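Visitor: With the sequence up front, the predicted model follows.
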Amino acid sequence: MNPVAMHIANGIVDAPVSALFAALAVAALGLCVLRGRADLDDRLAPMAGLVAAFIFAVQMVNFPVLGGVSGHLLGGTLAAMLVGPWVGALCVATVLVIQCLLFADGGLTALGLNITNMALIGTAAAYVLIAVLLRVLPKTPAGLAVTGFVAAVVSVTVASLGFVLEYALGGTTALPLPAVAGTMAGVHLLIGVGEGLITATTVATVAKVRPDLVFALRRFRTPVVAPVPVPAGDAV
Amino acid sequence: MSRRLGWFLGAGLLVALILAGVVSNFASASPDGLDATARQGCTVDAQGRITGGTCMAQHEQGHQMGDSPLANYGIKGIHNRYLSTGIAGAAGVLLTFGLGAGTFWLVRRRDRVGTSSG
């Protein structure tokens, strides 16, 4: 049976801090819409819908990481690689909103917290690494797989620290923060490895089938100006 | 939308439907990293309810949408759990694609200078 709850529930972080992060999430997603519009053309729009649907699906498939503990995809790295950081964050947020409103997963009060960690922090951390790594690694399916793996491990761990910050600001129980941070980061490092494998496999597959649909390769594809070799299979 | 993109989207959706509709039934039932950490220090009964101790989830409250027909990734009223999870998962994939693609289509960039690929 699949676990029935996988995001922050109501009552773990207090109302004022939850409201603060809800406001932050709304503002940041607004910015993502403004910036993402420049990326969203007739092809990226349906592709982004597919990325959101795919993340929803993979999130339902929890994998074991330790005895009695499982993990699931967060999706920020996959989204950033396939549709870019702005639209990618919107994809993850779409999944979280649907899970919250229809599937009762992730408290409504905690929605801003969940969006901040997984859609905003997760995607942003991933994108920074993707931008750096793809500058040095080959723009091949293998290069993208390595990039996706490393970015996912870091992204998931950093996203889990987002929760630690929220808990530090408004946790409803007094628990030693170093212990909370250590456990969260440790477990999520392992979950990040799982996320990395899923992300690497998915991105490498898309890059083999349709390299033109991998957003992370877009800026390396300037056939008119730069002498950068176009990835194989790009020409139609 | 080009025909080739249509094929790719169709194949991708099919993979997502299989993952959410079938594979999800074989997912690990253990609490995820967050849930496990949040319950650390508390004792929990067979239903997953906290019975004592001190942990982050101690003051956890119920979900506002707990009565949703799709709550907890199942279909209310379907008692076969494979069917219930499978249909809920497939519905989630289609709803997410619909809402996502629809919204992104509405806010997409419209090229006024005729460079659109249609």
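Guide: Structure's in. What do you need? Residues are numbered from 1 along each chain as shown, chains lettered A, B, ... in the order given.

Visitor: Over to the nearest residue to residue B:44 once chain neighbours are set aside: give its phi and psi.
Guide: Nearest residue to residue B:44 in three dimensions, chain neighbours excluded: residue B:50, at 5.8 Å (Cβ to Cβ, 6 or more residues apart in numbering or on different chains). Just so you know, the C-beta spots here come from the backbone N, C-alpha and C atoms, and that holds for glycine as well. Per-residue torsions, residue B:50: phi -80, psi 130 (degrees, to the nearest 10).

Visitor: Return the residues in contact with residue B:50.
Guide: B:39, B:42, B:43, B:44, B:57, B:58, B:60 (Cβ atoms under 8 Å, 6 or more residues apart in numbering or on different chains).

Visitor: Now which of the residues you listed would you call buried?
Guide: Those of the contacts of residue B:50 that meet the buried threshold are B:39, B:42, B:57, B:58, B:60, by 16 or more other Cβ atoms under 10 Å in any protein chain shown.

Visitor: what residues are up against the residue nearest the centre of chain B?
Guide: In chain B, the centroid-proximal residue (Cα atoms, centre = their mean) is residue B:92; its distance is 5.7 Å. Shown in contact with residue B:92 (Cβ under 8 Å, 6+ apart): A:56, A:57, A:60, A:98, A:99, A:102, A:103, B:20, B:70, B:73.

Visitor: Between those, which sits nearest residue A:172?
Guide: The closest of these to residue A:172 turns out to be residue A:99 (Cβ to Cβ; 22.1 Å).

Visitor: Verify the contact between the closest one and residue A:108 for me.
Guide: No - using Cβ atoms under 8 Å, residue A:99 is not in contact with residue A:108, being 11.0 Å away.

Visitor: what's the spacing between the residue nearest to the centre of chain B and residue A:201?
Guide: Per Cβ to Cβ, to the nearest Å, residue B:92 is found 22 Å from residue A:201.

Visitor: In strands only, show me the contacts of residue B:50.
Guide: B:42, B:43, B:44 (DSSP state E).

Visitor: what's the lowest-pLDDT member of these?
Guide: Across the set of these, residue B:44 stands lowest in pLDDT, at 85.

Visitor: Surely residue A:123 and residue A:89 touch.
Guide: Yes - using Cβ under 8 Å, residue A:123 is in contact with residue A:89, at 4.3 Å.

Visitor: Go through the ones in strands among the contacts of residue B:50 and name the one nearest residue B:14.
Guide: residue B:44 (37.9 Å).

Visitor: Tell me how far that closest one lies from chain A.
Guide: Using Cβ to the nearest Cβ, to the nearest Å, we find residue B:44 at a distance of 11 Å from chain A.

Visitor: List the contacts of residue A:53.
Guide: With Cβ under 8 Å, 6+ apart, residue A:53 has these contacts: B:12, B:13, B:16, B:93, B:94, B:96, B:97, B:100.

Visitor: ignore the last one, residue B:19
Guide: Residue B:19 neighbours (Cβ under 8 Å, 6+ apart): A:54, A:57, A:58, A:60, A:61, B:89.

Visitor: Tell me how far the closest residue in space to the fourth one that isn't next to it in sequence lies from residue A:78.
Guide: Distances taken as Cβ to Cβ, 6+ apart put residue B:24 closest to residue A:60, at 3.9 Å, once the chain neighbours are dropped. Plainly put, residue B:24 is 18 Å away from residue A:78 if you go by Cβ to Cβ.

Visitor: Compare the two and say which one has the larger neighbour count.
Guide: Using other Cβ atoms under 10 Å in any protein chain shown, the more surrounded residue of residue B:24 and residue A:78 is residue A:78, with 30 against 25.

Visitor: shouldn't that one be in contact with residue A:202?
Guide: Yes - contact criterion Cβ under 8 Å: residue A:78 and residue A:202 qualify, at 5.9 Å.

Visitor: Next, show the common contact partners of these two.
Guide: A:54, A:148.

Visitor: So the residue nearest to the centre of chain B, which state does it fall into?
Guide: Assigned by DSSP: H, G, I helix; E, B strand; the rest coil, the conformation of residue B:92 is helix.

Visitor: what residues are up against the closest residue to chain A within chain B?
Guide: Chain B approaches chain A most closely through residue B:101 (2.5 Å), counting by Cβ to the nearest Cβ. Taking Cβ under 8 Å, 6+ apart, we find residue B:101 in contact with A:45, A:46, A:48, A:49, A:50, A:52.

Visitor: Tell me the one of the contacts of residue A:53 nearest residue A:41?
Guide: Among the contacts of residue A:53, residue B:100 lies closest to residue A:41 (Cβ to Cβ), at 15.6 Å.

Visitor: in which helix or strand would I find the closest one?
Guide: Assigned by DSSP states H and E, residue B:100 falls within helix B:81-107.

Visitor: Pull out the buried residues from that helix.
Guide: B:84-97, B:99-101, B:103-104.

Visitor: ok, now stretch A:55-71?
Guide: For stretch A:55-71, using 16+ other Cβ under 10 Å, the buried residues are A:55-63, A:65, A:69-71.
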